Structures are given as C-alpha cells and as structure tokens.
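Colleague: Here is my input, please return the structure:
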Amino acid sequence: MDEDVLSTPGHLISLAARGFARLSEMRLKPLGFGVGQLPVLVALQDGEASTQRDLARFARVEQPPMAQMLSRMERDGLIARTPDPNDGRSSLVSLTELSKTRMPDAIDTLFAGNREALTGFSDEERQQFTDLLLRLIDNLDRITNLEPIVNLDPITGTSQT
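Modeller: Next up is the predicted model:
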C-alpha cells in the first residue's frame, strides 16, 4: 500500500476532533456541562424553547440519543421541559437560569481552547482553515444526503444565498 491511511485527512480530522472533545470536556466539566450538550445549549441559548425533534435535527443525532441527553440535562437542572401547546405529544425545551448563568463562562472557555489549539496559526490561516472545514463538512453532508449546515459554493468556498 503506497498511501499511509493514518495520514489521510479523514483520520487526521478524527484525531483533531477527539483532541478538541477531550480539551472541551476537561474544561467544561467544572462548569457542569458536557461537550455533547453543546449543540443543545447553542440551539437554546437564544431563549426560545424548541422541541426534541428540532434539537436532534440541529445536533445531527437520532431521536433516542437526544432523548437520553435531554433527560440527563433535565436531571442536572440544565434544561426545563414544558408541554407544547400546539402538540400534546411533544414538549418544549428551554435553558434553565442555571444554564444561562454558566453559558458565558462556557463560551469563553471554548474560545480560549480554540485559540490555544491554533497557536502558531496566523489570522489568515485560522480563517482559511475554518473555511476549508466548512467546505469539507458541506461536501460530506451532500455525499451522505444531510441538509448542509451552510450553503457553500463547492468551487470558490463562498457562501451562496
């Protein structure tokens, strides 16, 4: 085999993702958050309640794991559920005051970790790296038939509206 499978972009991105997850988990744990909860926290931080189905779609996970995570978050006092007045089978999910209070520190912690991880990168390199990752995610979403996070032109990498 001529190509080193451990040097492929997929493997290297996987290693980087696990490294970021370890770093984030280590730093978020003292704040009472887990890295897997981030998509839920981000989706809810605007103060509007959302359904489990919406949160699963936003986080790009299946309903059963989302239900389990929401149960743990509710147990830990991070979210509250109220009956959905428009759908009796569903609940609306919102952040508790505890989560709202802790979110600014969590966000600062995550940004600090990203800055540290990208030490030695110029501002231009950081932006180019982010742009390339967004384009890669868009390509992977298209290949796997997921709705893209962002709509990027596959040639130029610029956002299409």
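
Colleague: What is the helix or strand that contains L98 packed up against?
Modeller: Counting by DSSP states H and E, the element that carries L98 is helix 97-117. Helix 97-117 sits against helix 9-28, helix 38-44, with contacts defined as 3 or more CB pairs under 8 Å, 6 or more residues apart in numbering; DSSP states H and E. C-beta: built from backbone N, CA, C; applies to glycine.

Colleague: Look up phi and psi at R60.
Modeller: Main-chain dihedrals, R60, degrees, to the nearest 10: phi 60, psi 50.

Colleague: excluding its backbone neighbours, what's nearest it?
Modeller: L146 (6.8 Å; CB to CB, 6 or more residues apart in numbering).

Colleague: Sticking with that neighbour, tell me its helix or strand.
Modeller: Counting by DSSP H and E, no helix or strand carries L146.

Colleague: how near is it to N139?
Modeller: Going from L146 to N139 by CB to CB, to the nearest Å gives 11 Å.

Colleague: Over to R22?
Modeller: R22 is 26 Å from N139, by CB to CB.

Colleague: cool, D105 as well?
Modeller: 35 Å.

Colleague: quick revisit: tell me the gap between the helix holding L98 and the middle of its chain.
Modeller: 13 Å (CA atoms, centre = their mean, to the nearest Å).

Colleague: which stretches of this structure have low pLDDT?
Modeller: 1-2, 147-161 (pLDDT under 70).

Colleague: Does anything pack onto the biggest strand by length in it? Which helices or strands?
Modeller: Ranked by residue count, the top strand of the chain under DSSP state E comes out as strand 87-95. Judged by 3+ CB pairs under 8 Å, 6+ apart, strand 87-95 is in contact with helix 38-44, helix 52-59, strand 79-84.

Colleague: So which bits of the last one are buried?
Modeller: In other words, strand 79-84. Neighbour-count burial for strand 79-84, counted by 16 or more other CB atoms under 10 Å, picks out 79-81.

Colleague: cool, and stretch 40-49?
Modeller: 40-41, 43-44, 49.

Colleague: Among those residues, list the two that are farthest apart in space.
Modeller: L41 and A49 (13.6 Å; CB to CB).

Colleague: So which residue is dead centre in this protein?
Modeller: P39 (4.2 Å; CA atoms, centre = their mean).

Colleague: Alright, I will stop here.
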